[in-house]
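Visitor: Need the 3D shape of this:
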Amino acid sequence: VVILSLLMYPMLRSLALQLHSAVTGSYISGTHSIAFINCLNEQIAKDIARAILDKKLAACVNILPKSSALYFWKGELEESTEILLLVKTRTSKIGELSNYVRSIHPFEIPEIISLPIDQGNPLYLKWVEENVPQD
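Guide: Okay, here's the model as predicted:
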């Protein structure tokens, strides 16, 4: 019984938080995330952003202007100009988003990292939820 309780604790906690959120209208920290994806140029960034939105993996993608990047690649210090995508989505979609972007991105190892959203405008976060279907 103790082992079963320990194994079920994360699921029960999640259900309790969701029930609390539904009753009180409060936001559950970490329900949504922002993913950062780097792109070689603006056209690739727009193509990837549209593809992400077409698959309903995000509610919104911001395309930030050029920035300089310094990094090591295959033992050499490289410098390039990149475009950054800010992808707003459900945290539960990050794995699917990452897999999809890797399948269409021209980089051998694209940067795809995410951070959970701790707090935000409840109406905006609800809009994200409405535009990114849950599985």
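Visitor: doesn't Ile28 fall inside a helix?
Guide: No - per DSSP: H, G, I helix; E, B strand; the rest coil, Ile28 lies outside any helix segment and is coil.
Visitor: Now do it, the pLDDT please.
Guide: On pLDDT, Ile28 comes in at 81.
Visitor: Equivalent analysis for Leu4, please.
Guide: 75.
Visitor: Next: His20.
Guide: Residue-level pLDDT assigned to His20 equals 62.
Visitor: With Ile83 instead?
Guide: In this model, Ile83 carries a pLDDT of 97.
Visitor: my guess is it meets Ile37, correct?
Guide: No - at 9.3 Å, Ile83 does not count as touching Ile37 under the criterion of CB atoms under 8 Å. Placement of C-beta: from N, CA and C, glycine included.
Visitor: Could you point out which residue ranges in this protein have low pLDDT?
Guide: 1, 13-18, 20-22, 24-25 (pLDDT under 70).
Visitor: And it, what are its domain boundaries?
Guide: Structural domains assigned to the chain are 1-26, 31-131, following the TED database.
Visitor: which one of those is the most hemmed in?
Guide: Each of the domains of the chain was scored by mean neighbour count; the highest is domain 31-131, a mean of 15, by mean count of other CB atoms under 10 Å.
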